[in-house]
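**Q** got a predicted model here, sequence first, then my questions.
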2 protein chains.
Amino acid sequence: MFAVVSSNRMAKQTAKKADISTEEKIKEAARKVFTQKGYAATRTRDIAEEAGINLALLNYYFRSKEKLFEIVILEKMQILLGKLGPALMDERTSLEQKVEQIAEHYIDTLIANPDIPLFVLGEIRNHPDKFADMIRTKTKIVDSAMFKQIAERRPDIDPLHFIFNMLGLIIFPFIGKPLLQLVAGITADHAVTLMNERKQLIKKWFSAMIHA
Amino acid sequence: MFAVVSSNRMAKQTAKKADISTEEKIKEAARKVFTQKGYAATRTRDIAEEAGINLALLNYYFRSKEKLFEIVILEKMQILLGKLGPALMDERTSLEQKVEQIAEHYIDTLIANPDIPLFVLGEIRNHPDKFADMIRTKTKIVDSAMFKQIAERRPDIDPLHFIFNMLGLIIFPFIGKPLLQLVAGITADHAVTLMNERKQLIKKWFSAMIHA
DNA sequence: GTCTATATTGTGATAGAC
DNA sequence: GTCTATCACAATATAGAC
């Protein structure tokens, strides 16, 4: 079900520098359209048009909409979750260092890929069991070093609260941005400025919360 | 485009107590299916089946999938945003009171309707312009009393950060729940317990952050 | 008001020429 | 490898009997 089908064809062209293969053009278009609209609202014709190629080529290279989708969402899940597990597990860093490191990494990542959280969470909702195994193996919060470090500091509060808090402070502004731009009337530029400010602020806020 | 079509037919039955009208059965089914899967992934047949009626009746009562959807999502947006504006605008409550009041109200609301945030935010993403006007008129954060109260306390930090923080602490756990249940291995019951704990905790955390 | 049957359109996928 | 044309089926919506 999750076999990787990526380079099942080798583009013949000798890659004359700046021009990319058709396969990659399709994949790049798929990344854009799928993450912006989600699987169900995306038509293969949208992807073909975005890629500037014909619909038939999509099936020629990737066989089906679903196969192409799996490639894209696995990439995006890797971006969203790939660094989280290792960061939480790291035995050598302090709690404060972990928060700083995670906040910096993910805010930079999400500024570059602001659609990912809503996309990934929405698709998990729509295909509940499809990703269960993969995710479960990827990150085990409860066994993590960070979980234990929190528990030592605040034995009176479930450590999960602080994991929620950290992730919420980092991720929520990106998920709520479409709405918050309307409600708060901020520009795209201002939004980026705010997100960058948060890299330092979250560290301070987290410390304040865990001492409160 | 947004005319309310709700009761365009009057069910003939005298509403023999516990049984509800067909129109309401369809609407209730639509609430459930739309919020769980989103507009694009929902088939009218899913709704008809969930309602225990025939597909034709859906069009008889609501004329189209889109009309039915508009009714549902306007309801859900009202639930998600209806109390926020007034709470932010309230000139008589302190900052701390606002946070407590908003956290309590929304956590209770979201425990009862956990699918709403992901649903509403996802549909705003997929129909960017459709809801712009309605939302803009509903809540103007920057003019709000809460915005000014925050600015007085912390003239050094953009007040929007603290609005993000409050909303993120409240809403994110519900958006991330599908993922976090996998990653953190928590049961549905435990999740509700955690959310209820947060009603009190968020108040304390917010105060800690604004003093940090 | 409710149903079955059907019309109509939308969408993923393939055939076959070049 | 790439295209046009088309197929096959899924999904929305309607007609018409009861």
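**A** Everything's here; your move.

**Q** and A:Pro178, how many neighbours?
**A** When neighbours are counted by other CB atoms under 10 Å in any protein chain shown, A:Pro178 registers 21. All C-beta spots, glycine's among them, are computed from the backbone N, C-alpha and C.

**Q** so who does it touch?
**A** The neighbours of A:Pro178, taking CB atoms under 8 Å, 6 or more residues apart in numbering or on different chains as the test, are B:Leu121, B:Ile124, B:Arg125, B:Pro128.

**Q** repeat that with 10 Å
**A** A:Pro114, A:Asp115, A:Leu118, B:Leu121, B:Gly122, B:Ile124, B:Arg125, B:Asn126, B:Pro128, B:Phe131, B:Ala132, B:Ile135 (CB atoms under 10 Å, 6 or more residues apart in numbering or on different chains).

**Q** give me phi/psi at the nearest residue to A:Trp205 once chain neighbours are set aside?
**A** Leaving aside its sequence neighbours, A:Trp205 sits nearest to B:Met209 (CB to CB, 6 or more residues apart in numbering or on different chains; 4.5 Å). Here the main-chain torsion angles of B:Met209 (degrees, to the nearest 10) amount to phi -70, psi -40.

**Q** then A:Ile157?
**A** Given degrees, to the nearest 10, the pair of backbone angles that A:Ile157 has is phi -130, psi 140.

**Q** that one and B:Glu197 touch, don't they?
**A** Yes. Here A:Ile157 reaches B:Glu197: they are 8.0 Å apart, a contact under CB atoms under 10 Å.

**Q** can you pull the residues of chain A lying near DNA strand C?
**A** Remark: the part of chain A in contact with DNA strand C comprises A:Thr42, A:Arg43, A:Thr44, A:Arg45, A:Leu55, A:Ala56, A:Asn59, A:Arg63, A:Ser64, A:Lys65, A:Glu66, using CB under 7 Å from any atom of the strand.

**Q** quick check on A:Ser21: phi, psi?
**A** With angles defined as degrees, to the nearest 10, A:Ser21 shows backbone torsions of phi -70, psi 160.

**Q** please verify my assumption that it contacts A:Tyr61.
**A** Yes. Shown here, A:Ser21 and A:Tyr61 form a contact pair, counting by CB under 10 Å, at 9.3 Å.

**Q** neighbour count: the two, which is higher?
**A** A:Tyr61 (23 against 16).

**Q** thinking again about what came up before, pull out the buried residues from the residues of chain A next to DNA strand C.
**A** Buried members of those, counted by 16 or more other CB atoms under 10 Å in any protein chain shown: A:Thr42, A:Thr44, A:Lys65.

**Q** what subset of those is also close to DNA strand D?
**A** Restricting these to contacts with DNA strand D (CB under 7 Å from any atom of the strand) yields no residues.

**Q** re the thing from before, mind putting the residues of chain A next to DNA strand C into JSON lines with pLDDT and distance to A:Phe147?
**A** Formatted as JSON lines, the residues of chain A next to DNA strand C follow (pLDDT from 0 to 100; distance: CB to CB, whole Å):
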{"residue": "A:Thr42", "pLDDT": "98", "distance to A:Phe147": "37"}
{"residue": "A:Arg43", "pLDDT": "98", "distance to A:Phe147": "43"}
{"residue": "A:Thr44", "pLDDT": "98", "distance to A:Phe147": "43"}
{"residue": "A:Arg45", "pLDDT": "98", "distance to A:Phe147": "46"}
{"residue": "A:Leu55", "pLDDT": "98", "distance to A:Phe147": "48"}
{"residue": "A:Ala56", "pLDDT": "98", "distance to A:Phe147": "50"}
{"residue": "A:Asn59", "pLDDT": "98", "distance to A:Phe147": "45"}
{"residue": "A:Arg63", "pLDDT": "98", "distance to A:Phe147": "42"}
{"residue": "A:Ser64", "pLDDT": "98", "distance to A:Phe147": "40"}
{"residue": "A:Lys65", "pLDDT": "98", "distance to A:Phe147": "39"}
{"residue": "A:Glu66", "pLDDT": "98", "distance to A:Phe147": "36"}
